[in-house]
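Q: Here is my input, please return the structure:
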Amino acid sequence: MPKALVFLTNGFEEMETVAPVDFLRRAGVDVTLAAVGLGNGQHATGRNKMVLRADTPLAYAAQGAYDLVVVPGGPGHAALRKNEDVLEILRRHADAGAFIAAICAGPTVLLSAGLLEGRACTAHFSVAEELPGIRDEPVVRDGSIITSRGAGTAHLFALALVEAVCGKKAAEEVAASTCLAT
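A: Numbering: from 1, shown residues only. Take a look at the predicted model:
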């Protein structure tokens, strides 16, 4: 069973977090939501005040190996970008050949981790000037790096993640089961 790690911190963008977790779990992926910067708690409040509970603190999740690591966007991306443990997890998994994914402002976290050099990507227009190789597309996959533009592309992003770790057939099944026209 493939494994995925999704970072969860205050200020996460709800759709960009929930859609990938939901689609990946529908496809049978073991998804771990890791609490980043939440102190002793595991509850994070999103950009629009939705509260999600992390499965585990980052320190425990950091010890695992994952097939996919996901960086949601939203105002919380700034905390992820400054967190050296997050950056190290991204680097380690990229070096191991895992898929690395980010949406909205999340690709700036990949930039801070040094993972976008020579790579095509996409992101929210508010951070576009920071990113080399940015494309005006809903989802961009460059090798093992998958990026997406924002909340409105969250379902397409989620489907791309399923396809990356589970294959095209699994992605088609998830799309059909959720009535997603592709």
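
Q: Who are the contact partners of His77?
A: For His77, the contacting residues are 11, 71, 104-106, 108-109, by CB atoms under 8 Å, 6 or more residues apart in numbering. C-betas here are computed from N, CA, C, even on glycine.

Q: Distance check, the residue lying closest to it once chain neighbours are set aside against Ala151.
A: Residue nearest to His77 in three dimensions, not counting chain neighbours: Ala105, with 4.3 Å by CB to CB, 6 or more residues apart in numbering. Distance, Ala105 to Ala151, using CB to CB, to the nearest Å: 11 Å.

Q: Common neighbours of the two, please.
A: With CB under 8 Å, 6+ apart as the test, Ala105 and Ala151 both reach Gly73.

Q: Count the neighbours of the residue nearest to Pro107 when sequence neighbours are not counted for me.
A: Residue nearest to Pro107 in three dimensions, not counting chain neighbours: Ala123, with 4.2 Å by CB to CB, 6+ apart. By the criterion of other CB atoms under 10 Å, Ala123 has 27 neighbours.

Q: Now the helix or strand encompassing Ala154: average pLDDT?
A: Using DSSP states H and E, Ala154 maps to helix 154-166. Mean pLDDT, helix 154-166: 98.

Q: Following element in sequence after it, please.
A: helix 168-177.

Q: other SSEs contacting that following helix?
A: Other elements packing on helix 168-177 under the criterion 3 or more CB pairs under 8 Å, 6 or more residues apart in numbering; DSSP states H and E are helix 14-26, helix 154-166.

Q: Could you dump the ones you listed into TSV with mean neighbour count and distance to His43 added?
A: As requested, the helices and strands packed on helix 168-177 are exported to TSV (neighbours: other CB atoms under 10 Å; distance: least, CB to CB, whole Å):
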stretch	mean neighbour count	distance to His43
helix 14-26	23	13
helix 154-166	24	21
